[in-house]
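A.B. asks: Sequence and predicted structure below; questions after.
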Amino acid sequence: MQVYKVGGAVRDRLLGLPVTDVDRVVVGATTEEMLAKGFRPVGADFPVFLHPKTGEEYALARTERKSGRGYGGFTFYASPEVTLEEDLIRRDLTINAMAEDDQLNLTDPYHGQRDLEARILRHVSPAFAEDPLRVLRVARFAARYAGLGFTVADETMGLMRQLSESGELQALTAERSWKEISRALMEDHPQVFIQVLRDCGALKELMPEVDALFGVPQPETHHPEIDTGLHTLSVLEQSALLKQPLTVRWACLLHDLGKGLTPEEEWPRHIAHEHTGLKLIKAVNERFKAPKDCQELALLVGQYHTHGHRALELKASTLLELLQSFDIYRRPQRFEEFIAACEMDARGRKGLEQRSYPQADYLRGAAKAARAVAVQPLLEQGFKGPELGEALKRERLKALKAYKEAATA
């Protein structure tokens with residue numbers, strides 16, 4: 001029985017990066033032997049065990065065979081006869097198919113270390129094309145390591161293209177897809193994830209609404225980059241540079257979907273794209289079963305981001321409607337995330353990445369003014385029920401008029 005560290009732990013140590021997750025593979029052992037040593041079984045599809053003291057995962061060396069469609073369409077075989085090399089060959093990329101023992105002796109049958117040094121993401125074997133989830137995984141690794149200069153090997157991109165064209169991506173569950181998408185969006189270069197998916201034809205299959213934005217022009221006066229797809233990538237890039245949370249990054253990706261529906265004869269203008277895009281944002285949200293907070297913010301940003309940009313020009317009544325839409329009294333954080341998404345949208349334009357965004361502080365001040373209106377004096381005046389709501393609205397409107405007058409004087 002021999003135990004090896006495998007995958008990311010080996011890869012990141014060789015790259016000089018912090019090692020967070022440690023996976024171990026056990027060669028030459030049976031389930032009975034693992035149980036006898038006190039390991040607790042947790043794997044439903046194949047034998048994975050938790051160490052009796054550390055709780056870390058140990059998996060028996062195994063092989064796999066394609067038996068159906070999608071990520072789950074595999075039959076696994078684990079036995080003491082399965083070698084370390086046989087276990088490693090079923091992995092996705094050569095840089096993830098290395099192992100080391102406790103003395104840091106490296107086992108690298110598929111030249112992962114060479115590809116690490118060459119900064120190449122390359123598939124281990126032709127079996128790569130059997131698992132559609134690997135398209136998303138490779139794009140995610142490209143996003144993670146883009147800052148180190150990693151690119152996808154041409155032949156691997158070819159297999160990803162083959163998978164995209166096969167229809168296999170449609171067999172992925174919403175849960176598995178969202179897990180990869182959400183992790184990729186939180187990498188340092190999430191725009192690379194979207195670009196790689198587009199390059200291999202997967203974006204058209206998974207998010208045709210986003211793919212449709214490429215090649216759609218916008219007015220150059222507001223968008224020096226012109227192309228809506230490139231603008232979306234830039235907005236996503238800004239959201240990562242400024243360390244925004246997942247909710248904001250998801251909203252940044254989907255905020256302009258309505259521009260993909262604008263008839264060509266109306267280009268480069270996109271009148272009412274905020275409203276036409278809502279059904280598309282809703283469709284993408286539902287397709288991947290995005291968490292509720294991500295869904296809500298994406299829809300609100302899609303509908304109101306141009307309000308954010310025009311904040312200083314808005315009438316007090318329109319400003320009040322905007323604040324009410326976000327329920328700023330009970331959900332202040334959501335409005336703060338909206339402001340952040342608007343700022344990313346403003347910065348995600350060629351040559352304007354460092355622009356100031358005075359609308360942010362103006363909107364925060366407006367929210368503060370509206371929240372400062374006290375309910376108690378209205379109760380003391382005898383207002384209640386719907387009348388109280390109307391009186392509160394009048395007082396908040398009055399407060400916003402005073403705020404606007406002072407802020408824009």
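C.D. replies: Ah, there it is.

A.B. asks: Centre of the chain to the helix or strand hosting Ala406, how far?
C.D. replies: Using DSSP states H and E, Ala406 sits in helix 385-407. Offset of helix 385-407 from its chain centre (CA atoms, centre = their mean, to the nearest Å): 38 Å.

A.B. asks: Buried residues of it, list them for me.
C.D. replies: Neighbour-count burial for helix 385-407, counted by 16 or more other CB atoms under 10 Å, picks out 391-392, 395-397, 399-401, 403-404. All C-beta spots, glycine's among them, are computed from the backbone N, C-alpha and C.

A.B. asks: Rebuild those residues as JSON lines, extending it with pLDDT and distance to Pro190.
C.D. replies: Below are the buried residues of helix 385-407 laid out as JSON lines (pLDDT from 0 to 100; distance: CB to CB, whole Å):
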{"residue": "Ala391", "pLDDT": "94", "distance to Pro190": "46"}
{"residue": "Leu392", "pLDDT": "93", "distance to Pro190": "41"}
{"residue": "Glu395", "pLDDT": "96", "distance to Pro190": "43"}
{"residue": "Arg396", "pLDDT": "96", "distance to Pro190": "37"}
{"residue": "Leu397", "pLDDT": "97", "distance to Pro190": "40"}
{"residue": "Ala399", "pLDDT": "97", "distance to Pro190": "39"}
{"residue": "Leu400", "pLDDT": "97", "distance to Pro190": "36"}
{"residue": "Lys401", "pLDDT": "97", "distance to Pro190": "41"}
{"residue": "Tyr403", "pLDDT": "97", "distance to Pro190": "36"}
{"residue": "Lys404", "pLDDT": "96", "distance to Pro190": "36"}
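
A.B. asks: Tell me, how many residues neighbour Glu85?
C.D. replies: For Glu85, the count of nearby residues is 14 (other CB atoms under 10 Å).

A.B. asks: Now it: closest residue in space, sequence neighbours ignored.
C.D. replies: Leaving aside its sequence neighbours, Glu85 sits nearest to Pro109 (CB to CB, 6 or more residues apart in numbering; 4.8 Å).

A.B. asks: list the contacts for that neighbour?
C.D. replies: 85, 88-89, 97 (CB atoms under 8 Å, 6 or more residues apart in numbering).

A.B. asks: likewise Arg330?
C.D. replies: Neighbours of Arg330 in contact, by CB under 8 Å, 6+ apart: none.

A.B. asks: quick one: which helix or strand includes it?
C.D. replies: Going by DSSP H and E, Arg330 is not part of any helix or strand.

A.B. asks: which two in the buried residues of helix 385-407 are spaced the farthest apart?
C.D. replies: Ala391 and Lys404 (20.5 Å; CB to CB).

A.B. asks: follow-up on the earlier one: from Arg137, how far off is the residue nearest to Glu85?
C.D. replies: 21 Å (CB to CB, to the nearest Å).

A.B. asks: same thing with Leu242?
C.D. replies: Leu242 is 26 Å from Arg137, by CB to CB.

A.B. asks: okay, these two: which has more neighbours?
C.D. replies: For Leu242 versus Arg137, neighbours defined as other CB under 10 Å are more numerous around Arg137 (17 against 12).

A.B. asks: which SS class is the more buried one?
C.D. replies: Per DSSP: H, G, I helix; E, B strand; the rest coil, the secondary structure class of Arg137 is helix.

A.B. asks: For it, which non-adjacent residue is spatially closest?
C.D. replies: Asp92 (5.8 Å).

A.B. asks: Isn't the one you found up against Val138?
C.D. replies: Yes - in this structure, Asp92 is within contact of Val138 by CB atoms under 8 Å, at 7.0 Å.
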